[in-house]
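*Asks:* got a predicted structure plus its sequence, pasted below:
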Amino acid sequence: MYTLRISKIIPQPNNNLTFQLESIAGDYPYYKAGQFITLSFVFGDHEVRRSYSFNSSPDNNEPLSITVKRVENGEISRLLHHTIVEGDIVNAMEPQGLFVYEPKPEKVRTLFLFAAGIGITPLYAILKTALLAESKSKIVLIYSNSTLELTPFRSELEHWADRFPDRLTIVWIYSNSKYLMKARLNRDYIHAIVNDHLFGNKEDALFYTCGPVIYMDLCRFTLLGMGFDSNQIKRETFLLPENEEDDDDETEKEVDRTTYAIELSFQGKTYHLEVPYNKSILDIGLEHKIKLPYSCKSGMCSTCISQCTRGKVRMDYNEVLTDREVEQGRILLCTGHPIEMNTAIEVL
């Protein structure tokens, strides 16, 4: 756990705030471009954790920074926007996340960054790392917002484009544009952008996407249709998708209400637990005061990845693990439910 002081709060357009963080003890966390940090808040005996992507880059000489959008019903969002002030102290866990960019100084390739709104946060960090830690790559940022005035980091991004005019291209997309064909990202627009800016071998190109699920699905399906491999396409999800279940579907759904016994191995100890149908493995572990690793509690980060060594586990939602990893027994504790008696799980 790190103890960090909020050294500066910077207003951003569209109800966002950037928080610069400094270590009190001097033990700054190591992180990679694209990762997030989890802040821990304790209210009495109740702990609440929230994860925020770094918009700072470890390759740039700048303070640790995160940017938080104001969410009216968000417990921690309201706290950060309306209560926290410069000089306040927050507790943070080790940086996490698989949505990372590994720079290769001599690599000749094109890096396409697709961002919508505050989805720019981790991509801004990746953009800076690619520009500073590499010399031969080209970066294309495709950035969608409602208006120019509501675009976070616009002036900062323009500065980077001026600094690296031969390597950074920014495609600004505004939904209030009168040119409707380019007011929103669409399949044809993606084709045109990639075909116009692809530099180097097609198989070396990388695509990072961050925004609403439907936005990232559009990017992914279009790029796959263009012949790019799924391994070239990365995504980071901030919010769960809408419940897409058909409201008119009145078919009676059978629910397994069994309480399953499991063996949970963590830090050299084995715990024998019972998991009811309406609670996740993580829920039960925390109820038994086991200090399991977790962050988002919604299947969107990698903090609670574990291995099912016996039995089976189903997950309500999974935005992290690949099909192959799931086949090999990887699970997420936060959305995982055992579906066989005496299932064994090892926390990684």
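*Replies:* Yes, it's here. Since the model is a prediction, treat every value here as computed from it, not as a measurement.
*Asks:* got the buried residues for the helix or strand where residue 222 lies?
*Replies:* Assigned by DSSP states H and E, residue 222 belongs to helix 213-225. Going by neighbour count (16 or more other C-beta atoms under 10 Å), the buried part of helix 213-225 is 213, 215, 216, 218, 219, 220, 222, 223. The way it works is simple: take the backbone N, C-alpha and C, and place the C-beta from them, glycine included.
*Asks:* count the neighbours of residue 152 for me.
*Replies:* 24 (other C-beta atoms under 10 Å).
*Asks:* returning to that earlier point: what packs against the helix holding residue 222?
*Replies:* strand 110-116, helix 187-197, strand 206-210, strand 233-236 (3 or more C-beta pairs under 8 Å, 6 or more residues apart in numbering; DSSP states H and E).
*Asks:* and the contacts of it?
*Replies:* 114, 116, 119, 144, 185-187, 190-191, 194, 207, 209-210, 230, 232-233, 235, 237, 239, 241 (C-beta atoms under 8 Å, 6 or more residues apart in numbering).
*Asks:* report the buried members of those residues.
*Replies:* Buried members of the contacts of helix 213-225, scored by 16+ other C-beta under 10 Å, are 114, 116, 119, 144, 185, 190, 194, 207, 209-210, 232-233, 235, 237.
*Asks:* just flag the most distant two among those.
*Replies:* With C-beta to C-beta as the measure, no two of those lie farther apart than 194 and 237, at 22.2 Å.
*Asks:* keeping just the C-alphas, turn stretch 335-348 into PDB.
*Replies:* The C-alpha trace of stretch 335-348 is given here as PDB (Å, rounded to 0.1, in the frame of the first residue of the first chain):
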ATOM      1  CA  THR A 335     -17.500 -12.300 -11.100                       C
ATOM      2  CA  GLY A 336     -16.800 -16.000 -10.500                       C
ATOM      3  CA  HIS A 337     -19.300 -18.600  -9.200                       C
ATOM      4  CA  PRO A 338     -18.500 -22.300  -8.600                       C
ATOM      5  CA  ILE A 339     -20.800 -24.700 -10.400                       C
ATOM      6  CA  GLU A 340     -19.300 -28.000  -9.100                       C
ATOM      7  CA  MET A 341     -19.000 -29.200  -5.500                       C
ATOM      8  CA  ASN A 342     -15.500 -29.100  -4.000                       C
ATOM      9  CA  THR A 343     -14.100 -26.800  -6.700                       C
ATOM     10  CA  ALA A 344     -10.500 -25.800  -6.000                       C
ATOM     11  CA  ILE A 345      -9.100 -22.400  -6.700                       C
ATOM     12  CA  GLU A 346      -5.600 -21.000  -6.400                       C
ATOM     13  CA  VAL A 347      -5.200 -17.200  -6.200                       C
ATOM     14  CA  LEU A 348      -2.300 -16.100  -8.300                       C
END
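*Asks:* list the buried residues of it.
*Replies:* 335, 336, 337, 338, 343, 344, 345, 347.
*Asks:* farthest pair within the residues you listed?
*Replies:* Taking C-beta to C-beta, the two most distant members of the buried residues of stretch 335-348 are 335 and 344; they sit 18.5 Å apart.
*Asks:* would you confirm that residue 317 contacts residue 298?
*Replies:* Yes. Between residue 317 and residue 298 there is a contact under C-beta atoms under 8 Å: 6.5 Å.
*Asks:* in the stretch 51-200 of the chain, which spans are strands?
*Replies:* Taking DSSP state E, counting those that start in this stretch as the criterion, the stretch 51-200 of the chain carries its strands at 64-69, 89-92, 110-116, 138-145, 168-174.
*Asks:* just these: most buried one?
*Replies:* Most buried of the strands of the stretch 51-200 of the chain, by mean neighbour count (mean count of other C-beta atoms under 10 Å): strand 110-116, with a mean of 25.
*Asks:* for residue 205, grab the count of nearby residues.
*Replies:* As a measure of burial, residue 205 has 23 neighbours, counting by other C-beta under 10 Å.
*Asks:* what does the pLDDT read for the residue nearest to it when sequence neighbours are not counted?
*Replies:* Here the nearest residue to residue 205 in space, its sequence neighbours aside, is residue 110; by C-beta to C-beta, 6 or more residues apart in numbering that works out to 4.9 Å. Model confidence at residue 110, given as pLDDT, is 97.
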